[in-house]
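Student: Using only what follows, build the 3D model:
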Amino acid sequence: MQVTEFLIGRNSHPRLIEPAPEGQVMERIYQAALRAPDHAGLTPWRLIEFRNEGLGQLGELFAQAKLCEDPGASIEDLTRLRNMTYRAPLVIAVIAKIQEHPKVPASEQLLSAGCVAHGLLLAAEAEGFAAMWRSGSLCFDPKVKQSLKLNDADELLGFIYMGSPVGRRKALPERKTSDFVEKWT
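Tutor: The predicted structure is shown next:
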């Protein structure tokens, strides 16, 4: 398959099961993602991998964050948060490590970390696995950020859920480039 065709067909997979990539395959996925654009070589990113018991710890962190925000949270909500991390056998937190730099603004560093997240999605699929980028209010929760040891300037961009796809691929919408591309000729 040509690279362009591969990119056009990339798809998020919400249902993921074992096996997840590991060992040399996971190393290749990380190496591919770490080729993100990186002005001045700042490497403005950090990744945290959650597997096995780590998934339960992350789910418990989500539940505790909810309890801090809402001490009257229902058992159902807390159970849902605890179980969220088990939607895939592997979850990777993507963190933008924003640094002061005279030539590289924070926005560029944030985009670089976003490219790492996208690289994880692409490389997982290229290795025969699947992934989905999930975010939401937990990415902005102070307890979650503190527990993951983020500095004040850091941004939690989301969680990459990764594993083997199950079920049919969802249909991809057709996109007309004329809706998004303005041409100056």
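
Student: Need the pLDDT of the residue nearest to R51 when sequence neighbours are not counted.
Tutor: Nearest-residue entry for R51: L90, 5.5 Å, with adjacent residues in sequence omitted and distances by CB to CB, 6 or more residues apart in numbering. All C-beta spots, glycine's among them, are computed from the backbone N, C-alpha and C. pLDDT for L90: 98.

Student: Tell me, how many residues neighbour L90?
Tutor: A total of 24 residues lie near L90 under the criterion other CB atoms under 10 Å.

Student: Also A93?
Tutor: Count around A93 with other CB under 10 Å applied: 20.

Student: How about the secondary structure of it?
Tutor: The local conformation at A93, judged by DSSP: H, G, I helix; E, B strand; the rest coil, is strand.

Student: Assign a three-state SS to the residue lying closest to it once chain neighbours are set aside, would you?
Tutor: Leaving out its chain neighbours, the residue that sits closest to A93 by CB to CB, 6+ apart is I48, at 4.2 Å. For I48, the assignment made with three-state DSSP gives strand.

Student: contacting residues around I48?
Tutor: The contact partners of I48, taken as CB atoms under 8 Å, 6 or more residues apart in numbering, are I92, A93, I95, L148.

Student: so which of those would you say is closest to A40?
Tutor: Closest approach to A40 among those (CB to CB): I95, at 18.6 Å.

Student: If we ignore the residues flanking it in sequence, what's nearest that closest one?
Tutor: Once flanking residues are discounted, I95 sits nearest to R46: 4.3 Å by CB to CB, 6+ apart.
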